[in-house]
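J.: mind folding the following:
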Amino acid sequence: MKSNSQPIKPLLVVAFSCTSLLVSLTPVLAKPTLSSSPSDAYGGLRLHPGVKTNLAQATAFNQPSLPSGPPPAGRVRGGAKRDGGDDACPLPITKTDLTALVPFTEEANSVTNVWGQTTEEHPSLFFYVPYTKDLPYAVEFVLQDQDLKDIYKEAIALPDKPGVIRVSLPTSAPALALNKQYRWFLTVNCDKQENSPPTFVEGVIQRIELKPAALKELQTTEPLKRYAIYAQNGIWYEALTTLAQLRDQNPKDAALQAEWQNLLSSIRLDDVAAEPIVSDKP
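T.: Predicted coordinates for the structure are as follows:
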């Protein structure tokens with residue numbers, strides 16, 4: 001019996017050493033880091049050295065209930081003219097339609113509601129545009145107030161290649177008032193004379209005020225956590241904008257790319273989730 005017990009000791013030593021090695025490696029393997037250097041772009045959205053990309057904090061967008069009153073309706077995919085006709089201008093066939101990167105719901109009566117919240121007076125909106133600058137199309141962004149009066153218009157330059165573009169309301173545009181609904185359009189005309197009805201997307205944006213606790217946390221936390229706070233509180237436009245800014249600062253970061261795709265997939269825009277951001281400047 002005594003002679004049989006001796007060989008066990010080396011095995012115990014080896015097992016203990018392997019366990020210790022795995023424990024020591026676990027924190028390193030569990031925390032991927034951002035791959036690019038810090039940036040001071042976008043008004044202080046800076047990634048300081050040592051900031052980690054933590055996929056565990058990625059949260060599916062918490063889509064809020066529709067506002068009270070008449071449904072906002074809208075169009076998330078490029079289609080016919082504003083009044084609902086079917087004679088849209090004959091654009092070339094593309095793999096993916098003109099698309100607004102905004103949450104939407106589809107009702108039983110075939111009504112699509114395109115609606116999202118912001119906390120900013122001058123927010124940014126994002127669109128997937130399948131057309132390029134070599135095409136003779138006139139593109140325009142329009143914002144309407146509660147009385148459906150145009151309060152801001154901007155001609156939009158088509159990108160060099162198909163992809164996601166950013167349209168930001170400048171400080172010279174009227175500030176969005178709290179708890180008011182505004183309707184926006186992005187229209188694409190086949191000819192600059194606008195003889196044909198445009199293809200367009202449209203939706204409603206509403207500015208709200210965050211609860212004091214969430215607002216305080218936003219002011220003291222790092223950018224990736226800000227994104228999660230916005231998503232958890234149903235603030236679509238700032239969630240998307242914050243994530244786009246992080247991707248611009250860290251274009252090779254696979255975790256941020258996956259985060260972007262997860263966010264768009266959570267609102268059923270999987271087909272544009274992998275498209276590149278070709279214009280992301282305020």
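J.: residues touching the residue most central in space within the chain, list them.
T.: Per Cα atoms, centre = their mean, the C-alpha nearest to the average position across the chain is that of Leu240, at 2.7 Å. If you count contacts by Cβ atoms under 8 Å, 6 or more residues apart in numbering, Leu240 has them with Leu101, Phe126, Leu263. Where C-beta positions appear, they are placed from N, C-alpha and C, glycine not excepted.
J.: and the first one, what is it in contact with?
T.: Meaning Leu101. Leu125, Phe126, Phe127, Tyr128, Val164, Leu240, Leu264, Leu269, Val272.
J.: now the element after the lowest-mean-pLDDT helix or strand in the chain, going C-ward?
T.: Among the helices and strands of the chain, helix 41-44 carries the lowest confidence by mean pLDDT, DSSP states H and E, at a mean of 35. Next helix or strand after helix 41-44 toward the C-terminus (DSSP states H and E): strand 99-100.
J.: from the contact counts, what lies against whatever helix or strand comes next after that next one?
T.: Downstream of strand 99-100, the first helix or strand assigned by DSSP H and E is strand 104-106. Applying 3 or more Cβ pairs under 8 Å, 6 or more residues apart in numbering; DSSP states H and E, we find strand 104-106 packed against strand 112-118.
J.: given the strand it packs on, what are its sheet partners and their directions?
T.: strand 104-106 (antiparallel), strand 199-207 (parallel) (DSSP bridges).
J.: please identify the most buried of the ones you listed.
T.: A comparison of the strands paired with strand 112-118 by mean neighbour count, using mean count of other Cβ atoms under 10 Å, puts strand 199-207 on top with a mean of 22.
J.: convert the C-alpha atoms of it to PDB, please.
T.: Presented in PDB, the C-alpha positions along strand 199-207 are these (Å, rounded to 0.1, in the frame of the first residue of the first chain):
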ATOM      1  CA  THR A 199     -38.200  57.800 -53.800                       C
ATOM      2  CA  PHE A 200     -38.100  58.600 -50.000                       C
ATOM      3  CA  VAL A 201     -38.000  57.400 -46.400                       C
ATOM      4  CA  GLU A 202     -39.800  59.200 -43.600                       C
ATOM      5  CA  GLY A 203     -40.300  59.000 -39.900                       C
ATOM      6  CA  VAL A 204     -41.000  60.900 -36.700                       C
ATOM      7  CA  ILE A 205     -38.400  62.000 -34.100                       C
ATOM      8  CA  GLN A 206     -39.300  63.200 -30.600                       C
ATOM      9  CA  ARG A 207     -37.000  64.900 -28.100                       C
END
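J.: no further queries at this time; thank you.
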